[in-house]
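1. sequence and predicted structure, then a few things I'm wondering about:
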Amino acid sequence: MASKMTLRVHLLVLQALIVFLVTLATGIVAGAFQEQALREAYKDRMQAVAQSIAALPPVLAAFDDPDPAEAIQPIAEVIREASDLAYVVVSDADGIRYSHPNPDRIGEMVSTDPSIPLSGEVFVGTQTGTLGTSWRVKVPIRDDDGAVIGAASVGILESDLHKEFTANLTWLISAMLAAAVLGVFGSAWVTSVIRRRIYRLEPHQIAALVQNQETTLHRLSEGVITVNRAGRITLANDAAARLLETDAQDLEDAAADEVLDEQLLAVLRDGEDAGRPVIVGSHVLVARSTGSRHDGVDVEATLLLRDHTELHDVVHRVEAADAIIAFRQRFGLPKGLSAETLDRVSAALAARPEASATEIGEDLHISRVSARRYLEHLASSGQAIRTLDYSTKGRPSTRYRPRGTI
């Protein structure tokens, strides 16, 4: 049963689905790359801010003050606001804060492990502190001798990072929607082109045409060969392969001048409506063609081959029989009669005024039947006259008498 959905709808739905899936996958990958790029951008910014704080002379000098927070806190806040970060925290070697967005937290122990920056390494990662979960960078603060005297930690809240990422998704989603719409319109155009190429036929109609073509071509007694403009065979049925005494597979996509002899190539090239007799191997064929050239331009051509071998043999037999009959008629001797016996019968008949086949047979010592055949030949050729004798009992007897001089 044919599907209720037309080929046009099938193609449009499938292509639209492909466009949707590809656009969605591209959007997901692009979103992942965008988030990664956003995190990398903030990491570079935070590292630059943290390292600049760790190297500021006022910050380093404040570590020797009785109250370092008094000098460091204002500097840290200015830098935090200028760099649009969630916090800038400076702590000493014991982890005691000298700055914090919430001044009440100054002088307290940092809420996360400071061991990595205090060991002289840089830490980059996500941790949960007093302000919440944040993407942060921690760098060591060194004095003039290179000894670690504290740590600078800067970061941005994951919630703020997510909001910025979501805000940036607007243009990405818009681009995805625009791509999907363009893809659907493109799919509709491709569907229209494909439909025109297949003459707006539905799949079940195409299948029926192909089945009919296959059935027709392979059941035909005539050979059918189609050659394209390049001179290569695009179609050959079983009858063509049989008449050319080759395999159908050898004909497919073969060059016509390699598998067809000169006579067939001439018919194919010149075209032949009425049919031209051609001898191919043991077959006598009648070849017709539409012609492979039109106004000097190569075109697709079809060659039709009909086997006349049996008809040719019959004609030859008839011609031979006609020749034999003509020969016999020319010399006046039907099959089975000899000239010597005919002369003897003629002489025996001439010696009598009239005679029957029995009497001639007795005179020549041949059978009545043989004598009658020769007498009948003389009568049919006008050399004797045939009469019926009703004086005998029963069936009338046939008697023969010569006509003039024999």
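-> Nice, thanks for sending it over. Numbering: from 1, shown residues only.
2. now Ile79: how far from Thr23?
-> Computed as Cβ to Cβ, to the nearest Å, the Ile79 to Thr23 distance reads 42 Å. From N, CA and C alone the C-beta is placed, and that goes for glycine too.
3. show the pLDDT at Gln213.
-> Listed pLDDT for Gln213 reads 69.
4. next one: Arg136
-> Here the pLDDT value assigned to Arg136 is 91.
5. could you do Met5 as well?
-> Met5 is given a pLDDT of 74.
6. in a strand, that's where it is, yeah?
-> No: secondary structure of Met5 (DSSP: H, G, I helix; E, B strand; the rest coil): coil, not part of a strand.
7. what's the burial count for it?
-> Met5: 9 surrounding residues under other Cβ atoms under 10 Å.
8. following the worst-scoring helix or strand of the chain on mean pLDDT, which helix or strand shows up next?
-> Least confident helix or strand, the chain: helix 309-331 with a mean of 60, by mean pLDDT, DSSP states H and E. Using DSSP states H and E, the helix or strand that follows helix 309-331 in sequence is helix 339-350.
9. ok, and what's touching that next one?
-> 333, 355, 360, 363-364, 366, 370-371, 374-375, 377-378, 383-384, 400-402, 405-406 (Cβ atoms under 8 Å, 6 or more residues apart in numbering).
10. flag every buried residue along stretch 240-259.
-> By 16 or more other Cβ atoms under 10 Å, the buried positions in stretch 240-259 come out as 240-244, 251, 254, 256, 259.
11. identify the farthest-apart pair in the residues you listed.
-> The distance between the two most remote of the buried residues of stretch 240-259 (Cβ to Cβ) is 17.9 Å, for Arg242 and Ala256.
12. so what's Ser180 up against?
-> Slight slip there: residue 180 is Ala, not Ser. Taking Cβ under 8 Å, 6+ apart as the test, what Ala180 contacts is 19-20, 23.
13. list only buried entries from these.
-> Buried, going by 16+ other Cβ under 10 Å: 19, 23, out of those.
14. narrow the contacts of Ala180 to those in helices?
-> The helices, defined by DSSP state H, take in 19-20, 23 from the contacts of Ala180.
15. tell me which of those is nearest to Phe185?
-> Nearest to Phe185 among those, counting by Cβ to Cβ, is Val19 at 9.9 Å.
16. can you read off the pLDDT for the closest one?
-> With respect to pLDDT, Val19 has a value of 85.
17. point out where this structure drops to low pLDDT.
-> Across the chain, residues meeting the criterion (pLDDT under 70) sit at 1-4, 213-219, 292, 294-296, 310-333, 392-394, 404-406.
18. how does it look with 50?
-> The chain contains residues with pLDDT under 50 at 1-2, 405-406.
19. all strands of it, in order?
-> Applying DSSP state E to the chain gives strands spanning 87-92, 123-129, 132-142, 148-157, 223-227, 233-236, 272-280, 283-289, 293-294, 297-298, 301-307, 355-356, 384-389, 397-402.
20. need the ones you listed in CSV with distance to Ala347 and mean neighbour count, can you?
-> Shown next, in CSV, are the strands of the chain (distance: least, Cβ to Cβ, whole Å; neighbours: other Cβ atoms under 10 Å):
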stretch, distance to Ala347, mean neighbour count
strand 87-92, 153, 25
strand 123-129, 141, 15
strand 132-142, 142, 22
strand 148-157, 145, 24
strand 223-227, 63, 23
strand 233-236, 70, 19
strand 272-280, 53, 14
strand 283-289, 51, 21
strand 293-294, 74, 13
strand 297-298, 79, 11
strand 301-307, 56, 21
strand 355-356, 12, 21
strand 384-389, 12, 14
strand 397-402, 10, 18
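21. just put those in CSV and tack on distance to Ala30.
-> Output for these, formatted as CSV (distance: least, Cβ to Cβ, whole Å):
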stretch, distance to Ala30
strand 87-92, 31
strand 123-129, 23
strand 132-142, 21
strand 148-157, 22
strand 223-227, 50
strand 233-236, 46
strand 272-280, 65
strand 283-289, 60
strand 293-294, 55
strand 297-298, 51
strand 301-307, 54
strand 355-356, 122
strand 384-389, 116
strand 397-402, 117
